Structures are given as C-alpha cells and as structure tokens.
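> Starting from these lines, generate the structure:
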Amino acid sequence: MTKKETAVMIDGKAIDLKAWFTSNQEKGLTDTAFDEVKDLGYILSDIIGVCSCALNHIEENNSLSNFEKSEILGASPLSVANVLRFAQTLIPHSELELLTDIQNSIQEK
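Numbering: from 1, shown residues only. Take a look at the predicted model:
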C-alpha cells in the first residue's frame, strides 16, 4: 500500500495511518498481551472486574469494621463500587473496534 492509500484527512492534514500504527508498534504495541487494539478494552474490563472482586472480599470480611474497610479502600466500599462502575463506562469499546478495523485494513497480508 502507498501513503496515498492509507492516508486520511484530519483538519486538512493528511495523516498516514500505516505510519501511525508502525510508530506504536515501535513503542511496544506488538509486545503487549493483546493481539488487536480492541482487546485492550476487554483487558481493562477484566482489571476492573478483579478490583470489584477484591472490593467484594473486603466488604464481606466481617472481622473489619466499616472504618477499617474505608481505611483500606481509601473511601467507603459503595464509593469505590461507584467509581468502578463509572470506569467501566469510560472504556471506548466502539472506538477500539474502529482502530482494530483500521489497523487490520492497512496491514499487508
């Protein structure tokens, strides 16, 4: 593929998508635990899920007072749960899917 075939116009400037993905590969993108950009969203969801499990474990620990639970978490368990739920809504799944589609379309087969 040529630059012309992989470039898009953003704010009147031609951006070569193939060069952008190559640049990220040089920064270690190919050495990550995911094959496609969209997998990053699922990994982030898993991280949040692990945090939720840890929160649940702390909440169910009857040997800790509510004060001790807040000290461990830095906030009340309900506040932490709300932050985790909010964090999940911030994962840009659609955008990550689009980046994966773009990446796959410009890769040489």
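> And the contacts of the helix ranked longest in the chain?
Criterion DSSP state H: the longest helix present in the chain is helix 39-60. Defining contact as CB atoms under 8 Å, 6 or more residues apart in numbering, one finds that helix 39-60 is touched by 32-34, 64, 69, 72-73, 77, 80-81, 84, 87-88, 91-93, 96. Every residue, glycine included, has its C-beta placed from N, CA and C.
> Can you get me a residue count around I91?
Per other CB atoms under 10 Å, the neighbour tally for I91 reads 16.
> Against E59, how distant is it?
Counting by CB to CB, to the nearest Å, the gap from I91 to E59 is 24 Å.
> residues in contact with N104?
Contacts of N104 by CB under 8 Å, 6+ apart are E36.
> Work out for me the element it sits within.
Assigned by DSSP states H and E, N104 belongs to helix 93-106.
> Return that helix as PDB; C-alpha atoms alone will do.
Listed next in PDB are the C-alpha coordinates belonging to helix 93-106 (Å, rounded to 0.1, in the frame of the first residue of the first chain):
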ATOM      1  CA  HIS A  93     -15.200  -0.200  23.000                       C
ATOM      2  CA  SER A  94     -16.600   1.200  19.700                       C
ATOM      3  CA  GLU A  95     -13.500   3.400  19.200                       C
ATOM      4  CA  LEU A  96     -11.200   0.400  19.900                       C
ATOM      5  CA  GLU A  97     -13.100  -1.700  17.400                       C
ATOM      6  CA  LEU A  98     -12.700   1.100  14.800                       C
ATOM      7  CA  LEU A  99      -9.000   1.200  15.500                       C
ATOM      8  CA  THR A 100      -8.700  -2.500  15.100                       C
ATOM      9  CA  ASP A 101     -10.600  -2.400  11.800                       C
ATOM     10  CA  ILE A 102      -8.300   0.400  10.500                       C
ATOM     11  CA  GLN A 103      -5.300  -1.500  11.700                       C
ATOM     12  CA  ASN A 104      -6.400  -4.700  10.000                       C
ATOM     13  CA  SER A 105      -7.300  -2.900   6.800                       C
ATOM     14  CA  ILE A 106      -3.800  -1.400   6.400                       C
END
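> In it, which residues are buried?
Neighbour-count burial for helix 93-106 flags 96, 99-100, 102-103, 106 (criterion: 16 or more other CB atoms under 10 Å).
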